[in-house]
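Participant: The sequence isn't on hand, but the structure is:
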């Protein structure tokens, strides 16, 4: 099976957007100065063991710039570099619903300041939404392709405790259901290699497949300088998958996901200066090519085991 008239054997989000909007859509990553209840003392001051001081922010425009300035700089840079025509505003760093709803409205609306913005994606935690915030986000769906990205990571509560996540699976499930009934698209973030057995990782795949999420991002656990995880790695408390094992595990995971679920990420974006381990994740294209080859070798594809 191929997806979106490509040779891909999984439902690649970028190709889905291209089919939907007639051109490649680029995300503009934005920093609105959000914090996180797992860092400001509401839950703890420590944060998740894998999270660094950037809060998973991959490309930074300084939060000292206004949201409009960040959007305009990002869009013009992408137009110049890639001849980009359409964009999504992407709130990525930390928990991007972790402010009062009146402040959120100003922030989100200011990111939709150009005619070539077609959507908005908001990364957050399931314990940082409520009915009023979800109603606000849902209101953008009339005019924009609207997404919430929830950092689930795993369906196993023992794992969530181990990584100091600060919420359990039921908290996520409650937020997910409230989000879906409002017509908001949901992307789930999953991390592989979180102190789990292969069977536990596949259990996560099977359980989330029953939810039929709109999107999934799969990450390889990695240790960044300055994190609790990096300390654990240096002390020999954790090891990481080889690239070959990761590729096979990703392909196994994809086989359980619904064919209609869009895949937003399967590999890292490049070697960061603060990366401690595993070093191989910096070669994104190599990893993606290996995933393609593994699926082809198996004569397999996303969803081949869905509902089995």
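Facilitator: Arrived safely, thanks for sending. Just so it is clear, the model here is predicted, and its values are computed rather than measured.
Participant: would you list every one of the strands in the stretch 151-300 of the chain?
Facilitator: Remark: strands assigned in the stretch 151-300 of the chain by DSSP state E, counting those that start in this stretch are 185-192, 215-220, 223-224, 262-265, 275-277.
Participant: Out of those strands, flag the one nearest residue 127.
Facilitator: The closest of the strands of the stretch 151-300 of the chain to residue 127 is strand 185-192. By Cβ to Cβ, the value is 14.5 Å. (Glycine included, C-beta is placed from N, CA and C.)
Participant: Other residues contacting that closest one?
Facilitator: 50, 121, 123, 145-154, 176, 179-180, 201, 204, 208, 211, 213-221, 241, 246, 249-250, 253, 262, 264 (Cβ atoms under 8 Å, 6 or more residues apart in numbering).
Participant: all strands for the stretch 1-150 of the chain, in order.
Facilitator: Chain-ordered strands for the stretch 1-150 of the chain, with DSSP E, counting those that start in this stretch as the definition, fall at 25-30, 86-91, 117-124, 145-153.
Participant: Contacts made by the longest one with the rest, please.
Facilitator: What it means is strand 145-153. Against strand 145-153 from outside (Cβ under 8 Å, 6+ apart): 20, 88, 97, 118-126, 129, 137-138, 140, 159-160, 163, 165, 169, 172, 175-176, 179, 184-191, 194, 208, 214-215, 217, 264.
Participant: Now the buried members of the residues you listed.
Facilitator: The neighbour-count test (16 or more other Cβ atoms under 10 Å) applied to the contacts of strand 145-153 identifies 88, 97, 118-126, 129, 137-138, 140, 159-160, 163, 165, 169, 172, 175-176, 179, 184-191, 194, 208, 214-215, 217, 264 as buried.
Participant: Spit out the contact partners of the closest residue to residue 124 other than its chain neighbours.
Facilitator: Ranked by Cβ to Cβ, 6 or more residues apart in numbering and with sequence neighbours excluded, the top spatial neighbour of residue 124 is residue 97, at 4.3 Å. Residues in contact with residue 97 (Cβ under 8 Å, 6+ apart) are 104, 122, 124-125, 128-129, 133, 137, 148.
Participant: How many residues are close by residue 7?
Facilitator: When counting by other Cβ atoms under 10 Å, one arrives at 8 neighbours for residue 7.
Participant: how close does it sit to residue 293?
Facilitator: 12 Å (Cβ to Cβ, to the nearest Å).
Participant: Residue 265: what's it in contact with?
Facilitator: Here residue 265 is in contact with 217-219 (Cβ under 8 Å, 6+ apart).
Participant: Then residue 20?
Facilitator: So residue 20 contacts residue 145 (Cβ under 8 Å, 6+ apart).
Participant: Okay, it and residue 119: tell me how far apart.
Facilitator: Counting by Cβ to Cβ - residue 20 and residue 119 are separated by 10 Å.
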